[in-house]
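[1] Mind looking at a prediction? Sequence and model below.
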Amino acid sequence: MSLLMDTHAWVWWMTGSDRLSPRGKTAIRKAAAENRLLLSAISVWEVAKLVEKGRLRLDRDVQTWIEQALAIPGLTLVSLTPVIACRACSLPPPFHDDPADQIVVATACVEGATILTVDDRIRKYPHCQTTW
């Protein structure tokens with residue numbers, strides 16, 4: 001099964017943060033080695049937005065950081081397709097109304113992937129598989 005990193009997991013992996021769980025680090029390495037590591041396109045927007053709002057500081061400009069962070073061997077960027085967009089708007093209840101989280105979950109559902117996330121709202125959602 002593929003592994004879809006939530007935005008924070010991607011950032012923490014790329015910055016070497018201790019906030020990423022040991023299990024998460026192992027899962028990322030394994031998925032990347034098997035070319036099964038995924039990232040939703042919405043995560044690129046989320047990182048740029050976090051930098052814009054001052055909630056995330058990077059050691060280089062955001063576009064360079066993103067381009068380099070997308071170059072992880074074994075990582076596939078999943079586009080926001082019409083199928084994913086529509087699925088994000090029709091997730092079975094209960095789910096909260098954060099559009100980025102809806103797109104992450106919909107992406108995982110469409111791709112048949114497990115989501116690597118610390119987000120309890122996603123982890124408690126019964127219609128997707130998660131790990132941390």
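    That came in fine, so what should we check first? Worth saying up front: this structure is predicted, and the values here are computed from it rather than measured. Residues are numbered from 1 along each chain as shown.
[2] what are the ranges of the helices in this protein?
    7-15, 22-33, 41-52, 62-69, 82-88, 99-111, 120-123 (DSSP state H).
[3] who does the shortest one touch, helix- and strand-wise?
    Looking back up the chat, that one is helix 120-123. helix 99-111 (3 or more Cβ pairs under 8 Å, 6 or more residues apart in numbering; DSSP states H and E). Just so you know, the C-beta spots here come from the backbone N, C-alpha and C atoms, and that holds for glycine as well.
[4] in the helix it packs on, what counts as buried?
    100, 101, 102, 103, 104, 105, 106, 107, 108, 109, 111 (16 or more other Cβ atoms under 10 Å).
[5] Check the contact between residue 1 and residue 112; I expect there is one.
    Yes - counting by Cβ atoms under 8 Å, residue 112 is a contact partner of residue 1 at 6.6 Å.
[6] who touches both of the two?
    Contact with both residue 1 and residue 112 is made by no residue, according to Cβ atoms under 8 Å, 6 or more residues apart in numbering.
[7] got the contact list for residue 35?
    74, 76.
[8] same question but for residue 45, I mixed them up
    Here residue 45 is in contact with residue 100 (criterion: Cβ under 8 Å, 6+ apart).
[9] Could I get the pLDDT score of it?
    For residue 45, the model assigns a pLDDT of 98.
[10] any low-confidence regions in the chain?
    Applying pLDDT under 70 to the chain flags no residue at all.
[11] count of neighbours near residue 72?
    Neighbour count for residue 72, taken as other Cβ atoms under 10 Å: 16.
[12] nearest spatial neighbour of it, skipping sequence neighbours?
    Residue nearest to residue 72 in three dimensions, not counting chain neighbours: residue 32, with 6.2 Å by Cβ to Cβ, 6 or more residues apart in numbering.
[13] And residue 37, by the same measure?
    Closest residue to residue 37 apart from its sequence neighbours, by Cβ to Cβ, 6+ apart: residue 31 at 4.0 Å.
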